[in-house]
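Novice: quick one: sequence and predicted model below, then my questions.
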Amino acid sequence: MKIKDVRRLLQDWGSYWAKMETPIGFCRVSITASLTESAKTGIWAAGERKGSTSSSDNIRPPAWVVQIDKAAERLPPAQRRALNIEYIKRRKLNTTEKLALHHAELEIMAVL
């Protein structure tokens, strides 16, 4: 696996968790669009299929997300924070955070 592949996977991982962080309220997307997106990505929350309300208890991340989560859990706090800022929050990193991010990407590449 190349670093480009890891970064693409981390972008998808970050998008997944960013989507899960959105507040519950009125739908921003139609039901049809939501089902189409879920069918494309294979990402289903347990409640989506049954029509129940969203809850953190109902979220079942796909296996590839769980695998990255487990790899990220083993990283030092600074590297986890850099992953969060870059891939979930999508904010700019300072120089120290960029260095931590590169180390985190390499560690995750070694695990995957």
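Specialist: Yep, that arrived.

Novice: pLDDT-wise, which helix or strand of the chain ranks last?
Specialist: Least confident element among the helices and strands of the chain, by mean pLDDT, DSSP states H and E: helix 46-50 (a mean of 49).

Novice: next secondary structure element downstream of it?
Specialist: Next helix or strand after helix 46-50 toward the C-terminus (DSSP states H and E): helix 63-73.

Novice: and the next element down the chain from that following helix?
Specialist: Later in the chain than helix 63-73, the nearest helix or strand by DSSP H and E is helix 77-83.

Novice: which other residues reach the longest helix along the chain?
Specialist: Assignment by DSSP state H gives helix 3-21 as the longest helix of the chain. Counting by Cβ atoms under 8 Å, 6 or more residues apart in numbering, helix 3-21 makes contact with 43, 59, 61-62, 64-65, 68, 83, 86-90, 105-106, 108-109, 112, all of which sit outside it. For glycine as for every other residue, the C-beta is placed from the backbone atoms N, C-alpha and C.

Novice: for Ile43, helix, strand, or coil?
Specialist: coil (DSSP: H, G, I helix; E, B strand; the rest coil).

Novice: does it really touch Pro62, like I thought?
Specialist: Yes. Contact criterion Cβ atoms under 8 Å: Ile43 and Pro62 qualify, at 5.7 Å.

Novice: among those two, which residue is more densely surrounded?
Specialist: Ile43 (20 against 14; other Cβ atoms under 10 Å).

Novice: for the more buried one, phi and psi?
Specialist: When read as degrees, to the nearest 10, the backbone of Ile43 gives phi -100, psi 110.

Novice: and the gap between it and Ser34?
Specialist: Ile43 sits 11 Å away from Ser34, going by Cβ to Cβ, to the nearest Å.

Novice: again, but for Lys4
Specialist: Distance from Lys4 to Ser34, by Cβ to Cβ: 30 Å.

Novice: higher neighbour count, the two?
Specialist: Legend: neighbour count by other Cβ under 10 Å for Lys4 and Ser34, higher for Ser34 (13 against 8).
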